[in-house]
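# Sequence plus predicted model, see below.
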Amino acid sequence: MRTTPFSYLAPLLLALCSPALAGSPRDEISFSCLPLTIEMSDPIMFPGNESDHLHLVAGGTAFQRAMADDTARKAIGTTCGIEIDKSNYWVPELYHQTEGGFELVDVEGIELYYMNRACNYTEDATACDSEHEVAIAPPDGLRMVAGNPFLRTYNDSNPAQQAISHMCIREDGSSNETKHLPQEPCSLMRSQVFFPSCWDGKNVDTHDHHSHMSYPAIGHYNQGVCPPSHPIAIISIFAEFLFNTKPYPDYDNLVYAMGDPTGYGLHGDFVNGWTDLDALRDALVTCTGEKGLTDPSCSVTKNQHGVLAPQSRPMEVHSPKGEKEVGQNGPIPKLPGDNPVTGPGDEGEWVGKKSGKEGGKESGKESGKEDGKEDGKEDDEKDQDKNDGGSKPKPKPKPTSEDEGFGKGCWFCNWGGWK
């Protein structure tokens, strides 16, 4: 279990840019993080309780199952390179399915991008002005979710699904982006989540954890004019989680922790923990020159005491004792939470818990649409599926062109260093 040295990783992440970043303006910053923990916790969807699948978490050391609006901000430290970002970011863990069970896939790194992509709603606007002002920083206490863990098919008219993607990085350095898990051997595989950039201006969370946020109504999921229902543009957040898939040429045996072999159920969560929101907004002006985050005037690093690099940090609150075996010691016979492997036709509802109320059912109807044709589709790909819950992979039917793409897999490194 290991991590890749970031002297190698950072240039790789930046060089192999996703279309989500292609053609982006200069007003953006990026920085790296290390894993904080992997555990059955999700303080947004399952506050105070064990979550229904395993998550890979980065960021502030105050992460725990129950978090108040200011818990993240009060963290002692962070595993991310910018010290004043105590936010938490998490995605489902990735496993590789074998005849002997499920094995975790090593994590090679995490990269975060903060970008000025969306603009406030303006009546009759058809696009953002090229000189539009910097969007506001994510409001204090904001919680948001991108994606839906129960999806097993792809709707290219839904911006929320367009915002989820995977990058296959081949051994020769070339790459291919798809919405589904890669259908070819990859030396590295990147799980990519673009969070919604339009806020309703009132709520930092809602009962379903979705309806206070939206993607742009005019433009694309990753840039454009916000809808009247969510008129306030916030700085866009794009997260990349890089996995070492080179040991698994049988790419169609990768599966996410919630039992998703397609990749369409990839999702990401964010809890805001920035301790200086003005500095974050100013960073898209003061930290975007040639020196970037190392510029002496860069607002988010000028008072930084430590090195500008991700650091391994201990958690302040450990998950409850008796945590289930999740693969940290080798393959396990079934996915944590007893999640069966499910394909198209098995979609369910995302139901979480908040203040004793059910929440988190995906509406599937964010404002705004685009054609969203999937990048990197290959019609001659041969896709395979797995039978529910069994440990032995089983051939799966080729998906339709709309639902194309299946895959599985991944594990995390340095387990002992995060707890």
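Yep, that arrived.
# rest of the way, CA atoms for contacts and neighbours
OK.
# burial count for the nearest residue to residue 256 once chain neighbours are set aside?
Nearest residue to residue 256, sequence neighbours excluded (C-alpha to C-alpha, 6 or more residues apart in numbering): residue 94, at 4.5 Å. If you count neighbours by other C-alpha atoms under 10 Å, residue 94 ends up with 32.
# and residue 259, what does it touch?
Residue 259 is in contact with 335, 339-342, counting by C-alpha atoms under 8 Å, 6 or more residues apart in numbering.
# Pick out whichever of those sits closest to residue 227.
Nearest to residue 227 among the contacts of residue 259 is residue 342, at 34.5 Å by C-alpha to C-alpha.
# pretty sure the closest one contacts residue 265?
No. The criterion here is C-alpha atoms under 8 Å, and residue 342 misses it with residue 265 at 10.6 Å.
# ok, the two, which is more surrounded?
Between residue 342 and residue 265, counted using other C-alpha under 10 Å, residue 265 has the larger neighbour count: 26 against 22.
# Contacts only, for the more buried one.
147-152.
# thinking again about what came up before, mind listing the shared neighbours of residue 342 and residue 265?
Joint contacts of residue 342 and residue 265 (C-alpha under 8 Å, 6+ apart) are residue 152.
# Rounded mean pLDDT for stretch 216-229, please.
Stretch 216-229 shows a mean pLDDT of 97.
# ditto for stretch 42-60
Average pLDDT, stretch 42-60: 97.
# Stretch 97-115 now?
96.
# Name the residues of it that are buried.
97-98, 101-115 (16 or more other C-alpha atoms under 10 Å).
# With adjacent residues omitted, what lies nearest to residue 41?
In space, residue 41 is closest to residue 51, 4.9 Å off (C-alpha to C-alpha, 6+ apart).
# who does the one helix or strand the one you found maps to pair up with?
Assigned by DSSP states H and E, residue 51 falls within strand 50-59. Looking at strand 50-59 with DSSP bridges, its partner strands are strand 35-41 (antiparallel), strand 88-92 (antiparallel).
# Verify the stated contact: residue 180 with residue 166.
Yes. Using C-alpha under 8 Å, residue 180 makes contact with residue 166 at a distance of 6.6 Å.
# list the residues that contact both of the two?
The contact lists of residue 180 and residue 166 share residue 263, where a contact means C-alpha under 8 Å, 6+ apart.
# neighbour count winner among the two?
Counted by other C-alpha under 10 Å, residue 180 and residue 166 do not tie: residue 180 has more neighbours, with 29 against 25.
# Three-state assignment for the more buried one, please.
coil (DSSP: H, G, I helix; E, B strand; the rest coil).
# Let me know which of the strands paired with strand 50-59 is the nearest to residue 228.
Using C-alpha to C-alpha, these put strand 88-92 closest to residue 228, at 27.8 Å.
# quick one, what contacts residue 113?
By C-alpha under 8 Å, 6+ apart, the neighbours of residue 113 are 28-31, 236-239.
# Please apply the same query to residue 172.
Taking C-alpha under 8 Å, 6+ apart as the definition, residue 172 has no contacts.
# residue furthest from the geometric center of the protein?
Distance from the C-alpha centroid of the chain, by C-alpha atoms, centre = their mean, peaks at residue 124 (32.7 Å).
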